[in-house]
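[1] Just the structure for this:
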Amino acid sequence: MTTVSNQSTQNKSQHGFAPLAIARIKGAQRANQIAIYLIYAAIFAFVVFGTIASIKAFHDNQLLYQLFYNLPYALVALTIPITLYDALVVYRYRLNQPSMIAMSIGVSTIILVGGLIFADTAWLGLSCWLGVAFLFKVSFKRFFNFLEVADLPDTDKVLETDEALALETDTVENSESTS
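    Numbering: from 1, shown residues only. Alright, predicted model coming up:
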């Protein structure tokens with residue numbers, strides 16, 4: 001059973017953020033890191049399978065062509081639900097300006113859907129989603145840097161305290177030398 005004294009230690013907020021909120025933001029940051037790894041894997045697959053598929057001996061290999069062409073699309077498409085979750089967390093806790101979130105998600109969605117409907121291609125829309133994951137990476141990094149800096153003691157107060165101690169020591173030494 002939680003008592004009043006235990007309640008105050010359990011609900012320590014960190015600069016206005018509840019521990020549950022910080023845990024949720026850290027979870028979203030981990031999910032965003034997975035999205036970034038998927039993006040790196042898509043780029044790697046594109047380069048490796050594209051290079052192998054361009055070798056004359058493998059020009060007729062349908063599997064390599066499909067890996068070169070579809071695997072990067074699939075890997076980047078897997079990041080879309082992750083970045084949407086990150087967008088909701090970033091918006092909920094105001095880690096970035098709402099207009100930035102709306103623009104990044106909105107433009108990426110419009111370009112992806114528009115490309116699929118009118119141009120029968122998804123490459124431009126999926127390339128927009130690459131930037132969204134990196135935008136959220138920066139937002140999470142800035143937030144946790146803020147928490148780290150806010151935990152440090154205020155340097156002006158520390159300097160004032162040190163100066164006051166030095167002044168006090170000087171006055172004590174001066175009074176002892178005059179007596």
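
[2] Which secondary structure element of this protein has the lowest mean pLDDT?
    Within the chain, no helix or strand scores below helix 4-10, which has a mean of 47 by mean pLDDT, DSSP states H and E.

[3] In the helix or strand following it, which residues are buried?
    Later in the chain than helix 4-10, the nearest helix or strand by DSSP states H and E is helix 19-54. Residues of helix 19-54 classed as buried: 22, 25, 28-29, 31-32, 35-36, 38-39, 42, 45-46, 49, 53 (neighbour count, 16 or more other CB atoms under 10 Å). Quick note: C-beta positions are derived from backbone N, CA and C, even for glycine.

[4] Quick check: which ranges of the chain have low pLDDT?
    For the chain, the stretches flagged by pLDDT under 70 are 1-13, 154-179.

[5] rewinding a little: out of the buried residues of helix 19-54, which one sits closest to residue 126?
    Set against residue 126, the nearest of the buried residues of helix 19-54 by CB to CB is residue 42 (8.6 Å).

[6] got the contact list for the closest one?
    Going by CB atoms under 8 Å, 6 or more residues apart in numbering, residue 42 touches 71, 72, 73, 75, 76.

[7] So which of those residues are in helices?
    Of the positions in the contacts of residue 42, 71, 72, 73, 75, 76 sit in helices, assigned by DSSP state H.

[8] got CSV for these, with distance to residue 94 too?
    Formatted as CSV, the ones in helices among the contacts of residue 42 follow (distance: CB to CB, whole Å):
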residue, distance to residue 94
71, 36
72, 33
73, 33
75, 30
76, 27
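
[9] now those in a markdown table, with neighbour count and distance to residue 86?
    Below are those laid out as a markdown table (neighbours: other CB atoms under 10 Å; distance: CB to CB, whole Å):
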| residue | neighbour count | distance to residue 86 |
| --- | --- | --- |
| 71 | 17 | 23 |
| 72 | 23 | 21 |
| 73 | 16 | 20 |
| 75 | 21 | 17 |
| 76 | 25 | 15 |
